[in-house]
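Undergrad: Build the 3D model from these lines:
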Amino acid sequence: MSTDLDFELDGLSPADDHSDYLWGYTWESDHDLLARHDVGERSFFLTFNTAATWDVERNLPNIATFCVQRDRAQGTFAMDSSAHANAAFARKWLADRGCPPEAMELRAPFAPADELTTRIEDKIHRSGERYDLIEVKAADEDPTQAWTTAIDREAAELPVRVFIEQSHPDQGTYTVREGAFPNYAAAENWLDTQSTPLPEYRRNAEALRTHAALARSTAPITASVAAVVASAPAAAAVAQPDRGRSL
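TA: Now for the predicted structure:
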């Protein structure tokens, strides 16, 4: 498969303001194509944004997803897009819009390094509305590291989760680990220093019993998690360069 991104929009015009805005700042040459799936005139794209690290804003996520629907009869297209730090959340975004998850499986040089990575990614793929994303970043200082910070609405304890993705270019693989924190401030402090090992989430027997009790409750979210949701910063829209399109 070619790594060149081509939305195949020649002769088509944006169908709405949102699509026009996305098309205006998206340069196909900035993206390396990682995976693509077509269903008739609807296409799903998973890409690596090579320009993210050069933006004025620091630590921008460098994985992008696109969903493009073409209407040849009307001469228009609709486009939606999102930026991600973790490949698993990128594939989930595409799956939520109708792309079969297996169509976006990554292989070497972008393959999961171990079984734990596969298990964590599978949980993300099946998470539905479980996670409220509050931060997605890729480290400018360390291009092999990226992370997604989220609130786990099903957590009985330590509801703030950090999904750290560490790539290993020499092996063509990457690992994902899930850290668990009591609040956003604790997660942010760990990310700023990383002076101690990631406090990885381990679901013990007590947590399983607590989770089962919560599942029987009619309350959709525990008071402690609700407090964390209220105190966490809202997920800001990822800044995109409004560079316009060359003619």
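
Undergrad: Which of the helices and strands in the chain ranks last by mean pLDDT?
TA: Within the chain, judged by mean pLDDT, DSSP states H and E, the helix or strand with the poorest mean is helix 205-216; its value is a mean of 43.

Undergrad: Burial check on the closest residue in space to D30 that isn't next to it in sequence, number of neighbours?
TA: Leaving out its chain neighbours, the residue that sits closest to D30 by Cβ to Cβ, 6 or more residues apart in numbering is A51, at 4.1 Å. All C-beta atoms are positioned from the backbone trio N, CA, C, and that covers glycine. A51 has 14 neighbours, counted by other Cβ atoms under 10 Å.

Undergrad: Where does pLDDT dip in this structure?
TA: Along the chain, the parts satisfying pLDDT under 70 run over 1-2, 53-58, 107-109, 140-143, 203-247.

Undergrad: Give the burial count for the nearest residue to T144 once chain neighbours are set aside, as a bare number.
TA: Using Cβ to Cβ, 6+ apart and skipping the chain neighbours, the partner closest in space to T144 is S167 (4.5 Å). Look at S167: counted by other Cβ under 10 Å, it has 19 neighbours.

Undergrad: The residue nearest to D30 and Y174: what is the separation?
TA: 21 Å (Cβ to Cβ, to the nearest Å).

Undergrad: Contact partners for the residue nearest to T144?
TA: S167 makes contact with 110, 144-145, 173-174, according to Cβ atoms under 8 Å, 6 or more residues apart in numbering.

Undergrad: What helix or strand is it located in?
TA: Element membership of S167 [criterion: DSSP states H and E] is strand 160-168.

Undergrad: Strand partners (parallel or antiparallel) of that strand?
TA: Paired with strand 160-168 in the same sheet, following DSSP bridges, are strand 145-152 (antiparallel), strand 173-181 (antiparallel).

Undergrad: quick one: buried residues of it?
TA: 160-167 (16 or more other Cβ atoms under 10 Å).

Undergrad: G128: which of those residues is nearest?
TA: R161 (15.1 Å; Cβ to Cβ).

Undergrad: and H125, how many neighbours?
TA: H125: 15 neighbours (other Cβ under 10 Å).

Undergrad: so which of the strands paired with strand 160-168 is the most packed in?
TA: Burial of the strands paired with strand 160-168 is given as mean neighbour count (mean count of other Cβ atoms under 10 Å); strand 145-152 ranks first at a mean of 24.

Undergrad: residues in contact with it?
TA: With Cβ under 8 Å, 6+ apart, strand 145-152 has contacts from 61-63, 84-86, 89, 130-139, 159-167, 184, 187-188, 191, 225, 228-229, 232.

Undergrad: ok, of the residues you listed, which come out buried?
TA: For the contacts of strand 145-152, buried by 16+ other Cβ under 10 Å: 61-63, 84-86, 89, 131-132, 134-139, 159-167, 184, 187-188, 191, 225, 228-229, 232.

Undergrad: quick one: the strand holding S167 to chain centroid distance?
TA: The chain centroid and the centroid of strand 160-168 are separated by 11 Å under Cα atoms, centre = their mean, to the nearest Å.
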